[in-house]
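A.B. asks: need a structure here:
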Amino acid sequence: MKIRSGIVPLIILITLLLAIVPKVSSYSNFTYQEKKSSSVIPRIWRTYVYDDGTILVRIVRRDAANSGGTRVCLQQVLSLRLIYPNGTVSELDIDLNIQSFNYCLIQATPINLEPIRLYTLQPGYLLLTYFNATNINDFSTYEEWMMLINWDGTILNKSFFDYAYTNPATGAWNPDQSTVRVNITPKKGFLRLSGIRNTTNLAWAQYFIDSNYKFQTLSSGTIELPIFASASFNTIATVDDGYAIVYANSSDPSNTTDPLIIRAALYIQTIGYGEKTLGSPLLLYQIPIQNILFGALYCDVSHVNVGQICTLTIQQNVQNPNTINNATQTTQPTPIDNNNTYYAKIAFLSGGSVTEFTPIARILPTIPNITQWVVTDLPYGGYLLVAQAATATNVNINAYVFDEYSTTGQPWDLPEPATSNVAGSYLVLPNNSVIVAQPESLNTWSFVVSDLPKFTKNRDNGYSNVLINITNPKIGGIIPTTTQNIAISFYDPVDLSAGNVSIYQTDNNNNDILRQVVSGKNPNFCSISDDGLTVNIKVLDSTFSKPNSMFYVKVDNNFVKSRAFKEPLIGIKERIWKFNTENKEEPFAGSVSGLLRLTMEGTTYYESLNSSGTNKFFYDLQDEVSKILPVIPSRLSSNKHVQVDFSISPGRQIFLLLNIEQTRDKDERSVASLIRDLNTMIHNKDITPIGSGNIVKYLDDTYGFIPSSNLWDKYKLKLLGVFVIACLLIFLFLMAQRRDKKGHNIAILQLGLILFDLTIDILFLVNNGRDVEFLYIPSVVFLVVPLCINTTLAFMIITKENTRPEFFSWFVQNGKIAAIFTVLAGADIEALAVLRSNLAGFGFFQAPFSEEALSKIFWGACLNIFMEDIPQVIIQILYQRNTVIYDIIPLLTLVSSCLNLTINIIGRLYQATNRIRQRKQSYSNYPNTSEPQYDFGSAQPLQMSTPNSQDESSQKIDFKNEQLSVNSDLRKLAKSNSTSSFQEMINH
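C.D. replies: Reported below is the predicted structural model:
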């Protein structure tokens with residue numbers, strides 16, 4: 001693709017093409033030089049216009065090698081020139097790779113026919129039709145094909161249309177017997193109408209182009225025409241996105257015996273978009289006069305009134321009653337008998353009701369060598385009548401402009417006659433200007449452009465729709481970002497219909513970003529005034545939220561319909577109703593993480609994906625959100641984790657996390673604005689682009705986007721409660737210290753931590769255990785199994801100790817305390833050591849555990865590190881890394897698990913160190929003693945008040961020896977009843 005821009009004359013041309021100058025005619029010349037030089041003159045062959053104002057020009061060059069005599073062939077390349085509204089020109093030279101006969105003209109009267117035809121679709125695409133033949137000398141092998149091409153010159157698709165039409169009488173091929181009508185909403189496709197090979201019937205088919213650029217048939221059928229001597233047909237793209245087929249036929253003029261017979265008639269058949277069958281033929285107009293032939297027929301939507309309009313050439317030829325005219329093209333001229341040619345305008349509704357029949361009785365000058373007049377209905381009222389006369393080197397054009405009712409017209413503001421090129425190419429544009437191709441020279445081609453007068457009684461308010469009076473905001477206005485409503489006022493009463501109003505933002509790269517789309521059938525967002533003149537549309541907070549930005553509103557055709565005629569009305573095209581938001585600075589806000597929730601359908605889709613599919617899911621989600629908001633993609637991120645929402649029942653839905661990064665760039669949206677917009681658009685996804693995205697459509701509109709809450713703000717009362725409990729434990733510790741400094745009073749804090757850890761572990765399992773599903777079973781196992789093992793070990797230790805009289809004596813007095821701590825030991829076996837801590841000097845914390853019991857507690861605590869503490873920390877870390885909602889309970893569980901693990905590891909190391917040291921010391925001080933004493937840190941033995949350590953050791957040994965001499969009957973009783981006594985104390 002070659003682009004040539006910055007050409008001053010071109011800018012002048014575009015300005016003239018797009019300018020709206022009421023009542024004043026002017027013209028200007030424009031010359032363009034081809035980028036690529038050639039020895040063959042470039043000819044302007046055909047011109048077309050897109051809805052956005054882009055002009056498509058087909059350039060041809062004569063192929064001298066294959067031309068000669070009356071045979072004219074063109075060089076075998078499709079040369080297109082796109083003139084964009086911004087003043088640039090794109091040159092496309094495309095090799096279609098089709099058979100050469102498509103580039104040769106077919107001799108016919110009154111004009112030559114061409115196999116290749118172009119049709120403009122939505123901006124960016126064009127449709128081309130051509131022919132294939134297995135034997136170019138056998139017309140029965142000819143087929144019509146279609147081709148989709150984009151503005152880059154890429155051929156996107158080729159597809160078979162139908163067999164080529166051949167005349168049933170002569171068998172001759174006529175490429176003119178098919179036509180395409182693009183939908184009034186071009187992205188919805190087109191209707192093809194064609195003659196059926198070797199018959200007088202017509203075939204029709206609706207097509208649309210899918211996302212893979214494939215042509216898909218929506219519906220098709222045939223029309224059986226009555227016997228006629230002459231027929232013309234045309235198609236209309238109706239305002240409601242449907243189509244109408246209009247055909248005029250004339251009976252055999254030789255039948256003159258019946259004065260009541262209908263000699264000529266005009267019919268219409270309609271079909272809605274996607275409907276399978278045509279409506280029944282509706283008679284629009286008929287004439288019983290003899291020798292009447294309907295000639296050229298041009299039909300379109302009325303741009304100044306309601307419904308459709310056809311202009312018809314009516315010819316009465318007494319001198320030549322056998323004339324047959326098979327005209328099919330809207331611009332094909334009709335042979336004129338100056339004394340017997342008439343023109344008529346017929347306005348009608350979609351239901352077939354004729355609202356106006358107006359003879360176009362115009363007084364035209366007598367011009368030598370004029371063989372044809374063509375009537376064109378103008379966008380702003382009135383008609384343009386054009387007559388062309390060919391010379392040896394060019395075509396002279398005479399043209400006159402008429403209003404709706406005057407019999408005399410005025411010539412256009414061009415020389416009379418205006419000299420055109422050899423093709424006589426001209427085009428009336430939607431803004432009521434006309435461009436006329438000029439004779440070309442080597443490597444250059446040119447236009448002359450003239451603005452035609454407008455006959456709409458000052459109803460042209462800049463909307464390219466004379467039915468609209470005013471809008472709020474006005475074109476070019478500046479509005480607050482908080483605007484809540486927009487409005488459209490009409491000249492005549494209307495009712496709401498099925499079309500949409502779409503609001504777009506235009507970014508710095510001139511891209512359109514859809515913000516909101518509302519159907520006229522949505523009563524929550526669209527309302528109409530009592531007099532029917534004003535439509536009000538409610539606007540979301542997110543729609544105009546971007547400061548200092550350009551927006552435009554597109555109003556679909558059939559958004560409203562005439563209250564009087566119940567007929568759909570045309571709307572406002574893209575980039576016409578434009579305005580800006582005010583320039584203001586948004587307040588800074590820090591980065592935020594927020595939650596999204598998928599619908600049940602979205603959850604099912606996500607869970608069906610493999611690993612690479614889930615990664616792509618998150619990438620596409622962020623990409624779509626960045627385009628919708630809009631925001632640069634680097635400001636969005638996700639941890640790519642999901643979490644099941646168990647509050648939903650029945651059904652299954654999952655949470656996602658989306659991070660929005662802060663920015664100091666004043667041209668970028670603030671975090672607070674993005675949060676508000678995203679939440680609003682999700683909640684209203686049926687009228688925002690959220691509902692139409694490939695991934696974002698799965699976001700739950702009942703949930704929205706909820707920023708992750710600050711844990712302190714959300715749980716400060718509960719956290720204060722934890723703090724109060726911690727302070728209470730410290731207070732109790734201080735009170736215990738005050739009561740008895742000799743006791744191991746730190747055990748009260750140890751006990752509090754054990755209770756807190758058990759409680760928070762249970763709460764985590766109950767409330768959050770299933771959040772990360774693969775962690776649920778490990779969470780249960782590493783809570784229940786250690787609990788059971790520790791409880792069993794504690795029970796065994798107490799039971800074993802009860803076989804010792806000195807412990808049994810303590811147990812008898814403190815059985816309930818022992819039972820409670822046996823249960824607590826399920827959480828941590830170290831809880832048993834609290835019973836011998838001499839806490840605050842209380843006797844029930846002076847349990848005389850044996851060295852064997854203390855050893856079991858020590859090793860049980862060591863086992864607990866590997867069996868519970870380490871797994872719990874790992875589970876909490878994995879939970880934190882794989883969860884979406886990180887709440888207060890998981891946080892406290894992680895803190896508690898890490899604290900417990902740290903304390904237990906350090907405590908066990910200290911105990912092991914002390915044990916080794918005391919073992920060495922015991923062997924040194926008591927070489928003959930087989931049972932050395934050990935210090936277990938938090939499980940210190942009961943201490944007696946003695947002046948020195950030597951006496952203390954002696955007293956301990958003496959006390960032990962004394963106990964060994966207890967009555968043997970008591971020992972036997974203790975042994976036989978230890979288990980039953982423990983259970984009895986629990987029961988008490």
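
A.B. asks: Please, where are all the helices along this protein?
C.D. replies: Assigned by DSSP state H, the helices in the chain fall at 8-18, 600-607, 611-628, 671-683, 711-739, 747-768, 776-801, 805-813, 815-824, 851-864, 870-882, 888-925, 949-964, 968-987.

A.B. asks: Of these, give the one that comes closest to Y285.
C.D. replies: For Y285, the closest of these is helix 8-18, at 35.6 Å, according to Cβ to Cβ. Quick note: C-beta positions are derived from backbone N, CA and C, even for glycine.

A.B. asks: Report the mean confidence score over that closest one.
C.D. replies: Mean per-residue pLDDT for helix 8-18: 41.

A.B. asks: same check, this time on stretch 164-179
C.D. replies: 86.

A.B. asks: Just the CA trace of it, in CSV.
C.D. replies: Written as CSV, here are the backbone C-alpha positions of stretch 164-179 (Å, rounded to 0.1, in the frame of the first residue of the first chain):
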residue,chain,number,x,y,z
ALA,A,164,-24.1,-16.4,-14.5
TYR,A,165,-27.3,-15.1,-16.2
THR,A,166,-27.8,-16.0,-19.8
ASN,A,167,-30.7,-14.7,-22.0
PRO,A,168,-33.4,-17.4,-22.4
ALA,A,169,-33.9,-16.4,-26.0
THR,A,170,-30.4,-16.0,-27.3
GLY,A,171,-28.3,-17.7,-24.7
ALA,A,172,-26.0,-14.6,-24.5
TRP,A,173,-24.2,-13.8,-21.3
ASN,A,174,-25.3,-10.5,-19.6
PRO,A,175,-23.2,-9.5,-16.6
ASP,A,176,-25.6,-6.7,-15.9
GLN,A,177,-28.3,-8.9,-14.7
SER,A,178,-27.3,-9.0,-11.0
THR,A,179,-26.9,-6.3,-8.4
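
A.B. asks: quick one: contacts of stretch 625-642?
C.D. replies: The contact list for stretch 625-642, computed with Cβ atoms under 8 Å, 6 or more residues apart in numbering, reads 505, 507, 513-514, 606, 614-615, 618, 621-623, 654-661, 663, 668-669, 674, 677-678, 681, 688-690, 693, 696, 881-884.

A.B. asks: Not counting sequence-adjacent ones, nearest residue to the spatially most central residue of the chain?
C.D. replies: Centre of the chain computed as the mean C-alpha position; nearest residue by Cα atoms, centre = their mean is G693, 2.8 Å away. In space, and not counting its chain neighbours, G693 is closest to E624: 4.5 Å by Cβ to Cβ, 6 or more residues apart in numbering.

A.B. asks: For the one you found, which residues are in contact?
C.D. replies: Listed by Cβ under 8 Å, 6+ apart, the contact partners of E624 are 693-696.

A.B. asks: Repeat that for G242.
C.D. replies: Neighbours of G242 in contact, by Cβ under 8 Å, 6+ apart: 270-273, 275, 350.

A.B. asks: Let me see the confidence value for it.
C.D. replies: At G242, pLDDT is 95.

A.B. asks: Ok, the one 3 residues further on next?
C.D. replies: Predicted confidence (pLDDT) at I245: the value is 94.

A.B. asks: ditto for E416
C.D. replies: With respect to pLDDT, E416 has a value of 83.

A.B. asks: tell me the contacts of it?
C.D. replies: Contacts of E416 by Cβ under 8 Å, 6+ apart are N398.

A.B. asks: and K666, how many neighbours?
C.D. replies: 11 (other Cβ atoms under 10 Å).

A.B. asks: Now do it against S542, distance only.
C.D. replies: Look at K666 and S542: by Cβ to Cβ, to the nearest Å, they are 20 Å apart.

A.B. asks: now stretch 203-215: mean pLDDT?
C.D. replies: 95.

A.B. asks: Tell me the span between the first and last residue of stretch 57-72.
C.D. replies: Stretch 57-72 has an end-to-end distance of 20 Å (criterion: Cα to Cα, to the nearest Å).

A.B. asks: now do stretch 764-781
C.D. replies: Stretch 764-781 end-to-end distance (Cα to Cα) = 13 Å.

A.B. asks: what's next to it, contact-wise?
C.D. replies: With Cβ under 8 Å, 6+ apart as the criterion, stretch 764-781 contacts 643-644, 646, 783, 871, 875, 878-879, 882-883, 885, 887, 889-890, 893.

A.B. asks: Which stretches in the stretch 501-650 of the chain count as strands?
C.D. replies: Ranges of strands in the stretch 501-650 of the chain, per DSSP state E, counting those that start in this stretch, are 512-519, 526-528, 534-538, 550-555, 560-562, 572-581, 592-597, 636-637, 642-644.

A.B. asks: From the chain's centroid, how far away is the shortest one?
C.D. replies: Averaging C-alpha positions (Cα atoms, centre = their mean, to the nearest Å) puts strand 636-637 18 Å from its chain's average.

A.B. asks: cool, and the last one?
C.D. replies: Taking Cα atoms, centre = their mean, one finds strand 642-644 lying 24 Å from the centre of the chain it belongs to.
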